[in-house]
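Student: need a 3D model of the sequence below.
(chains A and B)
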There are 2 protein chains.
Amino acid sequence: MTTSNNSKGISRKDFIKGAAFGIAGIATIGLAGCSTDAAKNNPPAPAPAEGMAWDHETDVVVVGFGGSGGAAAWEAGTAGSEVIVLELAKGAGGSTNICGGLVTIGGGNALQKAAGFEDSPENFYNYLTAALGTGADEEQCRIFAEQSPAMYTWLTEKIGVKFNRGVNPLWPDTPNPTAGLTCTGDEYHMDYAAVSKAVHRTGWVDSETRPGGRDGSGFFQPLLRAVEALPQVKIMYETAGEQLIYDHDQKRVLGIKAKKGDKTLSIKARKAVVLTAGGFAKNEDMVRTYCPAFNGVLALGTAGDNGAGIKMGQAVGAALQNMHMAFSTSTAYAYITQEGCAGGPLSQGIIVNQFGSRYVAEDHYHSWIAEYMLQNHQPQKHLPSYLLFDAQMYDTLPEKSKESLEKAKVTKANSIEELAKALSTSEGVLENTVQFYNSKAAEGKDPLLNKQSKFIKPIATAPFYALEIVPTSMFTVGGLRINTKAQVLSAETGAPITGLYSAGRNAANVIAQQYGGSGTSVATCFVFGRIAGQNAAAEAAI
Amino acid sequence: MTTSNNSKGISRKDFIKGAAFGIAGIATIGLAGCSTDAAKNNPPAPAPAEGMAWDHETDVVVVGFGGSGGAAAWEAGTAGSEVIVLELAKGAGGSTNICGGLVTIGGGNALQKAAGFEDSPENFYNYLTAALGTGADEEQCRIFAEQSPAMYTWLTEKIGVKFNRGVNPLWPDTPNPTAGLTCTGDEYHMDYAAVSKAVHRTGWVDSETRPGGRDGSGFFQPLLRAVEALPQVKIMYETAGEQLIYDHDQKRVLGIKAKKGDKTLSIKARKAVVLTAGGFAKNEDMVRTYCPAFNGVLALGTAGDNGAGIKMGQAVGAALQNMHMAFSTSTAYAYITQEGCAGGPLSQGIIVNQFGSRYVAEDHYHSWIAEYMLQNHQPQKHLPSYLLFDAQMYDTLPEKSKESLEKAKVTKANSIEELAKALSTSEGVLENTVQFYNSKAAEGKDPLLNKQSKFIKPIATAPFYALEIVPTSMFTVGGLRINTKAQVLSAETGAPITGLYSAGRNAANVIAQQYGGSGTSVATCFVFGRIAGQNAAAEAAI
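Tutor: Below is the predicted model of the structure:
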């Protein structure tokens, strides 16, 4: 690996042994003089700095121990590589451990089959490319759909994640809130059911840490144990990845500088660094800069979602993708879902903007609704929308929904005209919206927005209710641009940056303008985290 | 500037003299050994590579000779700096020279005053922050509004740009198509007129190259002559800026590698490099990656809008901003504008989507309309929208509009019901849209979308026309993140990257989700190009 390239009497290797490196990158250098163009265009290729003073050396450094970091570490370690996992928090978990416990599992798996759903990677792919909307990368969707069944098998057989049997049925059937298979996405929305056979595709696990609850600890804790059981994997907590050590001549990542307390450690990655440090929802400056439509909305995630992993990639010239997109939800969530399942009792209502106009089908996935709420009503976007329903719909609500409505901002009136006046919607608009909706609802149709007929019912029985709804929370889905091997791509050349991988919310992948359904993010963490770990382990060591 | 930092018997300075640099950055290095943490955390500060072999040396290198590059070169040269301007084409001009000859001039200037318009930087600022929508940077808007009067004075008094006297009035007054002052933006739209007193704010110049025409050569050719007249400025045509030469220890840009034919030149910039190389509309991969909503729409601009300047910044760790946003227009343009002035005869019509629903006020700036057309109707966004009007409106059209309608895709019917059937809009939606619109139009109101009353008229006289309208062209508005000094900001630290400036479409600045009006891009080129040139010239030379 060492080229002996002498100049001024010292060998490259000797020189490098004594070299310090600057904050932004490693010191390596071509030593030959270069007074001619030919020499400048063809600089001598120096060897990577073998003799540098490293605090630690390993094959693969994984930065961030959430779902994607865990998957990457497990794969790299299982493949026989030495792995160091850096985690800035005191313990592992990241956003994966604290999420709702939902993970997208499509393409045909045991849970789907047991419930009588016929799915395939192709059918899943067709759903993804339609439902994820603008910016959905077809190649990434293809890999994600194809790898989904294997990801399910890996979770259950290798990691030990347990999914309960049983299916959570769609509204209005009685919920089965302990079922292992539910449907939180847009699979049954008419626009997508037309291009992809509708099936349930969301796995849901019981919590390991909150008895009787359901959350991401149900898959993260088994993953943590599985990673801890690998002797090749060393986990360093309270250690934050800070800067990639990059050889600008060789154009490759050599390792990473990390901070533990006030100490800076230099860690060599003989094979690769895998950035799985989360998104940037908690970095206000980045949110304002890259996804301004979501600025000011509460950020979901952990303190680790500070964009550090994305910025580390940018510092070595990585391209970005889908940075302006985000998952979001609104105060409508509790009423338009049923025990985590898409479509709830108040999907029978209608959502109107501040003018009194409908703009989104009420049976859409809740992130779709929140995003439209945020983005489609400029310059009035800071005004609320309303979820309108009538007395009959109110009466069918479960008690806990009625109780939560008591605490919410609800306007009640005996006629639509009175309601319009109370809400100060634009003259006649709400009245026309309801009248037209009702005229078609009587036939079970929604020609304006194509809602499923089971959610269509005239809004006809006084009193009428208008629940104020606003976007409440978000997390980012954009990040470093990767290819289907999870290699980070250079902005300059479009080619992979040697020695650098990324997955999870640190990278962009399938999630685009829309979000496919709850659990999509966790599923991308597992699928692309595994891919990153496998490929990082397969790199030649330097 | 040189630190004498010995190691293994050679001085740093001697060493650097013989150094080659790699493709991605300059070779500089801290020579001290570093076996302790302290040494690693505090690397010796090396001096910039003084002895490198440069093909050219200058104070300021300007990359790209369009409007922003010209403004930057003029300012830096006039301030006494030596300047090299690199232009990849055979001649100067970029997109500025071939644009429509419109430039936003607000804040109060001689043309506005002569026409009786009272404007101020504050009034202009209020318009910008309202009309540019999500992502509008308040600090940049402030500088842009404040600098606008000075930019007008500079154009007319220093550069020699000539604006005809006279005002192009708003529809339905008779157009004055040779006037120097027009209004192409959203100034008179009711949403913005409510927060900023409506005034004309678009300068329009005669072409220098097409007698009788009007285009950007009217300001670019005088700028070209003014720059050529500066002895300090050297222009190198057919020379493409390729890669910044960056000192990773000092963290500063030292110069640039440029390609002339098959020769690579190394050019030292003692003070700074100013990236004014245009946007990325002509780079399909970047459009798909960064502004996917506009993918597939014809790109406006020159071959130089290939994103190279943005990628050069990314390669040294620059942050990005507003990359997902773009200017766009549609086939509606010819009918909803009047001789370049906002609001035309068919703004009296209504724009409906493929379902038959209105979604945008027809008197909005045409880019606003096109963007809504592209973004707001997923997953059906590839279906056309329609501009609907009636026989009375048709009759008032000028002959050339009637002729162009002959060649366009127009559906004609004797009733709205028939039209709905012919267009296959959703059951009853178009009928309801027209009926509700007409019911309020009779009172001169548009409660749904707040169109100005002069454009409101019932669509009542058969036959009825539906012109198919689709987005036709776009250019990108996002780029490197800069501060109000036009310094490029690091993604990693948020601080300026020493020695690097950017302006024009190479950088993000005021243009955000919406576009303020025709000429906004050119105006940002001049305002931020000047700022970049002034500040680059004021840097200490290395």
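Student: the longest strand along chain A pairs with which strands, and in what direction?
Tutor: If you go by DSSP state E, chain A has its longest strand at strand A:263-275. Looking at strand A:263-275 with DSSP bridges, its partner strands are strand A:56-63 (parallel), strand A:252-260 (antiparallel), strand A:496-502 (parallel).
Student: chain center to whichever helix or strand comes after that strand: distance?
Tutor: Later in the chain than strand A:263-275, the nearest helix or strand by DSSP states H and E is helix A:284-290. Relative to its chain's centre, helix A:284-290 lies at 17 Å (CA atoms, centre = their mean, to the nearest Å).
Student: helix A:284-290 close to chain B?
Tutor: Yes. Against chain B, helix A:284-290 shows contacts by CB under 8 Å from any CB of the partner chain at A:285, A:289-290. C-beta here means a position set from N, CA and C on the backbone, and glycine is covered the same way.
Student: let me know the closest of those residues to chain B.
Tutor: Closest approach between the residues of helix A:284-290 next to chain B and chain B, by CB to the nearest CB: A:Thr289, at 5.3 Å.
Student: now the closest one. Nearest residue, chain neighbours left out?
Tutor: B:Gln321 (5.3 Å; CB to CB, 6 or more residues apart in numbering or on different chains).
Student: select the longest helix from chain A.
Tutor: The residue-count maximum for a helix in chain A (DSSP state H) belongs to helix A:520-537.
Student: quick one: that helix to chain centroid distance?
Tutor: Worked out by CA atoms, centre = their mean, helix A:520-537 lies 12 Å from the chain centre.
Student: output it as PDB - backbone C-alpha positions only.
Tutor: Output in PDB follows, covering the C-alpha atoms of helix A:520-537 (Å, rounded to 0.1, in the frame of the first residue of the first chain):
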ATOM      1  CA  THR A 520     -41.400   3.700   7.200                       C
ATOM      2  CA  SER A 521     -38.500   5.500   8.900                       C
ATOM      3  CA  VAL A 522     -37.700   2.600  11.200                       C
ATOM      4  CA  ALA A 523     -37.900   0.200   8.200                       C
ATOM      5  CA  THR A 524     -35.400   2.300   6.200                       C
ATOM      6  CA  CYS A 525     -33.100   2.300   9.200                       C
ATOM      7  CA  PHE A 526     -33.100  -1.500   9.300                       C
ATOM      8  CA  VAL A 527     -32.900  -2.100   5.600                       C
ATOM      9  CA  PHE A 528     -30.300   0.500   4.700                       C
ATOM     10  CA  GLY A 529     -28.400   0.100   8.000                       C
ATOM     11  CA  ARG A 530     -28.000  -3.600   7.200                       C
ATOM     12  CA  ILE A 531     -26.900  -2.800   3.600                       C
ATOM     13  CA  ALA A 532     -24.400  -0.200   4.900                       C
ATOM     14  CA  GLY A 533     -23.000  -2.600   7.500                       C
ATOM     15  CA  GLN A 534     -22.700  -5.500   4.900                       C
ATOM     16  CA  ASN A 535     -20.900  -3.300   2.400                       C
ATOM     17  CA  ALA A 536     -18.700  -1.600   4.800                       C
ATOM     18  CA  ALA A 537     -17.500  -5.000   6.100                       C
END
